[in-house]
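Next one to model:
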Amino acid sequence: MPRKINCWEFKNCGREPGGSNAESLGVCPAAVCTDADCINGGVNAGRVCWAVAGTLCYGEQMGTFAAKMGDCLQCDFYGHVVREEGYQCVSVPLLLSKIAVNG
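Purely as a prediction, here's the structure:
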């Protein structure tokens with residue numbers, strides 16, 4: 001089975017630990033959220049970034065889950081994961097029960 005791509009790879013943002021932009025722009029919380037490791041086949045929250053508050057998207061820090069979810073539902077990466085995972089995609093309520101959603 002091929003390895004699944006994480007959000008920072010899909011978006012090529014370089015904000016994962018050791019990434020090209022991590023030192024200058026900061027590490028994205030999705031890349032270090034161990035509560036979500038392996039969910040949807042990702043590393044940390046790399047395939048459930050929409051459920052993590054404060055992710056670094058579109059060149060800015062996003063807010064709480066509730067504040068950013070509308071943007072996330074329109075994100076090309078979110079659509080990619082949902083299409084790839086199909087009926088096996090971990091639901092938002094289950095994610096929220098597993099991940100410490102702050103903010």
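
Any figure for the gap between the spatially most central residue of the chain and residue 55?
Nearest to the geometric centre of the chain sits residue 49, at 1.6 Å (CA atoms, centre = their mean). For residue 49, the distance to residue 55 (CB to CB, to the nearest Å) stands at 5 Å. In short, each C-beta sits where N, CA and C put it, glycine included.

anything in contact with each of the two?
In terms of CB atoms under 8 Å, 6 or more residues apart in numbering, residue 49 and residue 55 are both contacted by the residues 7, 28, 30.

Out of those residues, which is nearest to residue 15?
Nearest to residue 15 out of the shared contacts of residue 49 and residue 55 is residue 28 (CB to CB; 4.1 Å).

okay, now the closest one: neighbour count?
Using other CB atoms under 10 Å, residue 28 has 30 other residues around it.

Need the pLDDT of it.
Looking at residue 28, its pLDDT reads 94.
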